[in-house]
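S.K.: 3D, please:
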Amino acid sequence: MEGTNLLIGQATDAQIAEWKAKYKTGIYAISVDGHVGYFKNPGRHELNCALSKADKDKALDVFEELAQVTFIGGSEEILKDDQMFIGVSQEMKVKLDGKKATLVNL
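M.R.: Prediction:
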């Protein structure tokens, strides 16, 4: 790997393969401002932990908790730096939506 194009916290292909094998529900990466963090897809436990922090006056707490319980590697700076974390939280919204379901009245 050439060091000039790497993001701070970028994992090796071997590490990514190891995470994929370990986290059967999948993993994903979020990059922001030259940094990258890796997260496992949340399950019910992680979503429950995150949503337990829900407070109308502290909306980012849900995303902060979700990030903390699903972070598996990469640059921790994306979790610590306020501006980077705002970008991360915008991307994490997708994970709170889950899969599209359809209600069918019978």
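
S.K.: Can you measure across stretch 30-47, start residue to end residue?
M.R.: Length of stretch 30-47, first residue to last, CA to CA, to the nearest Å: 18 Å.

S.K.: Buried residues in it, which are they?
M.R.: Buried residues in stretch 30-47, counted by 16 or more other CB atoms under 10 Å: 30-32, 35-40, 42, 46-47. (Each C-beta comes from the backbone N, C-alpha and C, glycine too.)

S.K.: and the two most separated of those?
M.R.: Farthest pair in the buried residues of stretch 30-47 (CB to CB) is 35 and 47. Separation: 24.7 Å.

S.K.: Quick check: pLDDT value at residue 70.
M.R.: At residue 70, the model reports a pLDDT of 95.

S.K.: how near is it to residue 103?
M.R.: Between residue 70 and residue 103 the computed distance is 28 Å (CB to CB, to the nearest Å).

S.K.: When these two are compared, which one has more neighbours?
M.R.: Neighbour totals were compared for residue 70 and residue 103, and residue 70 leads with 23 against 4 (other CB atoms under 10 Å).

S.K.: Now the more buried one: closest residue in space that isn't a chain neighbour?
M.R.: residue 39 (4.4 Å; CB to CB, 6 or more residues apart in numbering).

S.K.: now swap in residue 23 and tell me
M.R.: In space, and not counting its chain neighbours, residue 23 is closest to residue 40: 4.1 Å by CB to CB, 6+ apart.

S.K.: Is that neighbour bridged to anything, and to what?
M.R.: Listed beta-bridge partners, residue 40: residue 27 (assigned using DSSP bridges).

S.K.: Can you show me the strands along this protein?
M.R.: Here the chain has its strands, by DSSP state E, at 27-32, 35-40, 71-74.

S.K.: Would you tell me which of those gets closest to residue 52?
M.R.: strand 71-74 (17.5 Å).

S.K.: And for the closest one, what's in contact with it?
M.R.: 9-11, 15, 19, 23, 27, 29, 35-40, 79 (CB atoms under 8 Å, 6 or more residues apart in numbering).

S.K.: Stretch 8-25 now?
M.R.: By CB under 8 Å, 6+ apart, stretch 8-25 touches 1, 26-27, 34-38, 40-41, 43, 72-78.
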